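Enquirer: turn this into a structure:
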Amino acid sequence: MNHKVIHFDSVSELEEVIDSQIKELDAKIEFHSKLIGDKIREGEQNNSEELSDLKNKLNPVKNKEKNQDDKKTKTKNSSPKKKSKKEESENWISYENLNLYNGVGTRGELELYFKALEEMKEESDRLKKTKTSLEKLLNSGIKKELAGIGFSQSDGPFELAFIKSDFRREKFSFKSLMTVGCEC
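Expert: Numbering: from 1, shown residues only. Alright, predicted model coming up:
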């Protein structure tokens, strides 16, 4: 997410920030999902062979049948080998601090979109869990007027530190003018 450290003057303000981040992420997720769908349909119209592998991964029914057939042939021919993550992405080449797709086409683009979509969904789930935990904290009796700092981790829980607020609230007071008529 864009903001790792969040300063807030009240817990209500923190809730609003988290809500806006969730909405922003959900909009990005929807946009990327539509983009992926458009790219796949575009590949189907062009009868692109490079997307056939991706289509098989997306269709679990055909994959199960294919995996069962593969298992039968593997047990007959040789022992099964475990694939590492690098073997799974055989079309990617490592160059210093970059991973480059070996080829030009929509498959590399789609793989990147899928990775981004997966990360955004994980982050959205983390933020929703944070929001739920914050609501439980408020229901347990914490004051909404507390100020603080929040830190959003990529792989861990949301961290909060409450601080004294510089904002001073005025105490409730009632001022009125009273006129009394006198008899002379």
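
Enquirer: part of a strand, is Lys128?
Expert: No - assessed with DSSP: H, G, I helix; E, B strand; the rest coil, Lys128 is helix; it does not lie in a strand.

Enquirer: quick check: it touching Leu25?
Expert: No - Lys128 lies out of contact with Leu25 (CB atoms under 8 Å); the separation is 9.6 Å. Bear in mind the C-beta positions are built from the backbone N, C-alpha and C, glycine included.

Enquirer: and Ala161, which of the three is it?
Expert: Classification of Ala161 by three-state DSSP places it in strand.

Enquirer: how close does the closest residue in space to it that isn't next to it in sequence sit to Cys182?
Expert: Distances taken as CB to CB, 6 or more residues apart in numbering put Ile149 closest to Ala161, at 5.1 Å, once the chain neighbours are dropped. Noted for Ile149: a distance of 60 Å to Cys182, by CB to CB, to the nearest Å.

Enquirer: and for Lys34?
Expert: Going from Lys34 to Cys182 by CB to CB gives 79 Å.

Enquirer: the more surrounded of the two?
Expert: Using other CB atoms under 10 Å, the more surrounded residue of Lys34 and Cys182 is Lys34, with 10 against 4.

Enquirer: quick one: what helix or strand has the more buried one in it?
Expert: Per DSSP states H and E: Lys34 is located in helix 11-45.

Enquirer: which of the residues in that helix are buried?
Expert: By 16 or more other CB atoms under 10 Å, the buried positions in helix 11-45 come out as 11, 14-15, 17-18, 21-22, 25, 29, 32, 36, 39-40, 43.

Enquirer: how about stretch 139-152?
Expert: Neighbour counts over stretch 139-152 (16+ other CB under 10 Å) mark 146-148, 150, 152 as buried.

Enquirer: now swap in stretch 154-168 and tell me
Expert: Buried, per 16+ other CB under 10 Å, within stretch 154-168: 158, 160.

Enquirer: who touches that stretch?
Expert: Contacts of stretch 154-168 with the rest of the structure, by CB atoms under 8 Å, 6 or more residues apart in numbering, involve 9-10, 14, 123, 126, 130, 133, 145-153.

Enquirer: of all those residues, which two lie farthest apart?
Expert: Longest distance between any two of the contacts of stretch 154-168 is 28.6 Å, between Glu123 and Glu145; criterion CB to CB.

Enquirer: lowest-confidence helix or strand of the protein?
Expert: Of all helical and strand segments in the chain, the minimum by mean pLDDT, DSSP states H and E falls on helix 85-88, at a mean of 44.

Enquirer: pretty sure Glu109 contacts Ile40?
Expert: No - contact criterion CB under 8 Å: Glu109 and Ile40 do not qualify, at 11.0 Å.
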